[in-house]
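# Okay, sequence plus prediction incoming.
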Amino acid sequence: MLQKERLSKLFEKTRWPNGVACQHCGSKRISEKANRMGVYRCKDCRKEFSVQTGTVFEQSPIPLRKWLYAIYLLQTDRKGVSSLQLSKQIGVTQKTAWHMLHRLKKACESKGGLLSGVVSSDEAYFLV
């Protein structure tokens, strides 16, 4: 649980360097939901959001650490990663690995999409 908290807080600092802001209206008047870690509610538009809202990870039951490991494997393997290989390495089914690969590839191919601009990963920078 502690590792999940740290990862979520790291994502929050990266996504919102000037403090948490609503993903729907941009308001800074937010409150954290007491019963759900990392879930916020905007006091202006009353919508709930998290650090995953509006990203390739949105509405995914797959833990963030598995997504990050999959991204790392995609970037470091010279020949590419098959869904079968990915499933064995991150501990998910082949069908889930296939879904993850397609989500990540789609996010990378769209200009100005979910992954765009300069993307930093493991002390390397990639212009997407």
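Okay, I see it.
# show me the contacts for residue 16.
residue 51 (CB atoms under 8 Å, 6 or more residues apart in numbering). (C-beta placed from N, C-alpha, C; glycine too.)
# Any stretches of the protein with poor pLDDT?
1-5, 34, 110-128 (pLDDT under 70).
# those strands in it, which residues are they?
Along the chain, the segments classed as strands by DSSP state E run 30-32, 40-42, 48-49, 118-121, 124-127.
# Of all the helix elements in the chain, which one is longest?
helix 94-109 (DSSP state H).
# Check which helices and strands it is in contact with.
When contacts are defined as 3 or more CB pairs under 8 Å, 6 or more residues apart in numbering; DSSP states H and E, helix 94-109 packs onto helix 64-76, helix 83-90.
# Is it possible to get those helices out as JSON lines so that each row also shows mean neighbour count?
Formatted as JSON lines, these follow (neighbours: other CB atoms under 10 Å):
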{"stretch": "helix 64-76", "mean neighbour count": "16"}
{"stretch": "helix 83-90", "mean neighbour count": "17"}
